[in-house]
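Q: pasting the structure only:
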């Protein structure tokens, strides 16, 4: 068996050894292989708490860096990492303590991410006081940053792996000793030999319980000190009960159960390590995003190119990006053209063509061209930083359904201890005290509600991470829950269903007997030549069409724009007029009746018609339309198949709206709706009992986005729309809208599966343990397996 190593290939005797080698390397313990001569190793260094220097915040002090997410007057909001959370009872305790803190507005703790989203009144308390309050009950709180959380997870996994290694080593020795005791139990054993085996068993069990199981003992002590019971209390009580009972039996001549105490701790540690590793993988969406941004940038200074730290670049600076390099900052292309891979940022698989004036996103990969970019956004204003912030907030927030599971877990643990005590009392009358204690320990261990506490937050974590990788930014777990209840989606037309850009669809010369008398290219050529200095959307569309189709644009002069009517310019010494029919009639151009009929036909089909004349001669008409996005019809069909009613809302006239609706399969159309009426329409649907999602991109959509149960904004739209929305679609296509709803349905399908498994596991396992069918070792393995099953089921969303 071979495996890669910086120094070359390593050879292993089997797959198991290779897997253990890779695990040790991944956890940063590669120095193990530098200490093969065990005689020189000496006493291992004790485990240390992570270095918190530089992040320590004293009561009443603001601290070195407070990552305040939002500030509204005296109300502030921040994201904290909280170490030491073991189960839902920890979540409940922290939230209750914070809610009783003067000046606290809200506190929400996420079990899966070990993060707390806190809002407080800065006139009454400080973040330092809040952190001190959390630390006073035995938990370590620090301001959240992706790098700090990454390091904390790495340290946690390293700590768990070391404790698991210690527990596994001594548990294996203990099982060998137990085989001797088991054999003696059936075949007879010398009393002195039995005492020696029991003594060595005690020596082997002690480091397992007090080193490997120290996190559980410490967590149980904190819980009892704060008058609350958590999962650690059940594990610690089960392990200590078997350990103390075994010591008592040693002196009274009974059977010992050191192996039971050791295996409980070892198996739970194994489950905790697998769970922690899986959650680490699920929470890496933010760190992957931030890792996209390169550290350096090539700044243009006249003829010189200076490599500098990207953080030192300012707005307005020019930076050069060579082929194959990652774009360091957001900006606009000033020189050059290229194709850019934005898939890691927006989820869009195809490269995007960038020319002068195109916007580029920091973190995207440049193709084969060299481009110069003027920086428009740096630091926290960059698209990547804003995406990361949205994902962080989503993963820190808890869905309402999680509150239900947390409340159940809070009352569940005291009930389990009561049931365990009752079980011991019952069996004490029928079997030995030792056997009755083992049955009671089985009840304690198997009933740990880990799976129940993990069912919702890990699924939300995986769901929001999967959405971010697909260019869908969901601002909270509660939003995912609302999304799966949506039954009506309102789509804004311009920029959402359509491309938001007018496109030339038809050209037609003067009609005589149904035949065009003018070459279509000439109509476009003269229109584009007159419009090339225009800033109007219709003029820009005609010029763009000419450029894309290789139609030459002639020199023009004496340009004149008539607001609301059109333009005129001199082309080849002749006056060319482009615009509405009324403008051409004012210039003395004769409009044939047949051409008027054709223009009306186009208008009835949703086109905007532009007339083109040279001197007093009508060259023809051009039909333009804001066409539906290529994926619009398929996305609408996909939404309908989910049972969602799709309607379009727009301020455009009914004819144009109806044409777009027919092309995309939308049956319900709300046309000629004023911007201020869009929000009212959303309110009317909600009053009718509908759960409404509004999808838009413009400033005029912002009120409706805020009023909807779920507001979804296209990233290509206005900043106000994105701020008002609950979900931001980075690819700005309707396929991503359908994908977002599909993901929300999938996430809550997984949550229901997790909750079913968690409840079914406890309902089935506890009676079996009470009946004495399951031993404590089997109970510990089953409890660990249930938690890992829930986490792995959630990771399917990735």
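A: Cool, the structure landed. Predicted model, so just to flag it, every value in this text is computed and none were measured.
Q: Residue 520 versus the closest residue in space to residue 592 that isn't next to it in sequence, what's the distance?
A: Computed as C-beta to C-beta, 6 or more residues apart in numbering, the closest residue to residue 592 that is not its neighbour in sequence is residue 510, at 5.5 Å. Using the backbone N, CA and C atoms, a C-beta is placed for each residue, glycine as well. For residue 510, the distance to residue 520 (C-beta to C-beta, to the nearest Å) stands at 12 Å.
Q: Now the common contact residues for the two.
A: residue 620 (C-beta atoms under 8 Å, 6 or more residues apart in numbering).
Q: I'd say residue 152 and residue 83 touch.
A: Yes. Contact criterion C-beta atoms under 8 Å: residue 152 and residue 83 qualify, at 6.7 Å.
Q: returning to what we had before: looking at it, the residue nearest to residue 592 is touching residue 614, isn't it?
A: No. Applying C-beta under 8 Å as the test, residue 510 and residue 614 come out as separate, 11.9 Å apart.
Q: Do I have it right that residue 770 meets residue 446?
A: No. Contact between residue 770 and residue 446 fails when scored by C-beta under 8 Å: they sit 9.7 Å apart.
Q: higher neighbour count, the two?
A: For residue 770 versus residue 446, the count of surrounding residues by other C-beta atoms under 10 Å is larger for residue 446: 27 against 21.
Q: Let me know the pLDDT of the more buried one.
A: For residue 446, the model assigns a pLDDT of 76.
Q: The one 3 residues further on too?
A: In the predicted model, residue 449 carries a pLDDT score of 61.
Q: likewise residue 410?
A: 63.
Q: Ok, residue 705 next?
A: 80.
Q: For it, grab the count of nearby residues.
A: 31.
Q: That one contacts residue 697, doesn't it?
A: No. Residue 705 lies out of contact with residue 697 (C-beta under 8 Å); the separation is 9.5 Å.
Q: distance of the residue nearest to residue 592 from residue 595?
A: 6 Å.
Q: Need the overlap of contacts for the two.
A: 618, 620.
Q: which residues of the stretch 401-550 of the chain fall in strands?
A: 472-474, 488-492, 498-508, 511-512, 515-516 (DSSP state E, counting those that start in this stretch).
Q: In terms of mean pLDDT, which of those ranks lowest?
A: strand 515-516 (a mean of 40).
Q: so how far is stretch 737-751 off the chain centroid?
A: 13 Å (C-alpha atoms, centre = their mean, to the nearest Å).
Q: contacts for it?
A: Contacts of stretch 737-751 (C-beta under 8 Å, 6+ apart): 399, 401, 455-456, 459-460, 462-463, 466-467, 470, 472, 474, 480-481, 483-484, 486, 489, 635, 638-639, 642, 644, 693, 695, 712, 727, 729, 793-794, 796-797.
Q: same deal with stretch 309-324?
A: By C-beta under 8 Å, 6+ apart, stretch 309-324 touches 293-300, 305, 327-329, 331, 334, 338, 365-379.
Q: which among those end up buried?
A: The neighbour count (16 or more other C-beta atoms under 10 Å) marks 293, 297-300, 327-329, 331, 338, 365-367, 369, 371-378 as buried among the contacts of stretch 309-324.
Q: Sort out which of the residues you listed are in strands and list them.
A: 297-300, 331, 338, 365-366, 371-377 (DSSP state E).
Q: Looking at these, which is nearest residue 505?
A: residue 338 (29.9 Å; C-beta to C-beta).
Q: Contact partners for that closest one?
A: 323, 353, 354, 366, 367, 368, 369, 370, 371.
Q: List the beta-bridge partners for it.
A: residue 354 (DSSP bridges).
Q: pLDDT weak spots in the stretch 501-650 of the chain?
A: 511-518, 564 (pLDDT under 70).
Q: how about the helices in it?
A: 520-531, 537-548, 581-586, 593-604, 632-641 (DSSP state H, counting those that start in this stretch).
Q: where does the third one sit relative to the chain's centre, distance-wise?
A: Relative to the chain's own centre, helix 581-586 is displaced by 55 Å; criterion: C-alpha atoms, centre = their mean.
Q: and if you look at the second one?
A: Shown here is helix 537-548, whose average C-alpha point lies 39 Å from the average C-alpha point of the whole chain (C-alpha atoms, centre = their mean).
Q: Same question for the first one.
A: In terms of C-alpha atoms, centre = their mean, the centre of helix 520-531 is found 49 Å from the chain centre.
Q: Give me the residues contacting that helix.
A: Contact with helix 520-531 is made by 504, 507-509, 538-540, 542-543, 545-546, 549, 551-556, 559, 567-569, 571, 576-578, 610, 612, 614, 619-622, as judged by C-beta under 8 Å, 6+ apart.
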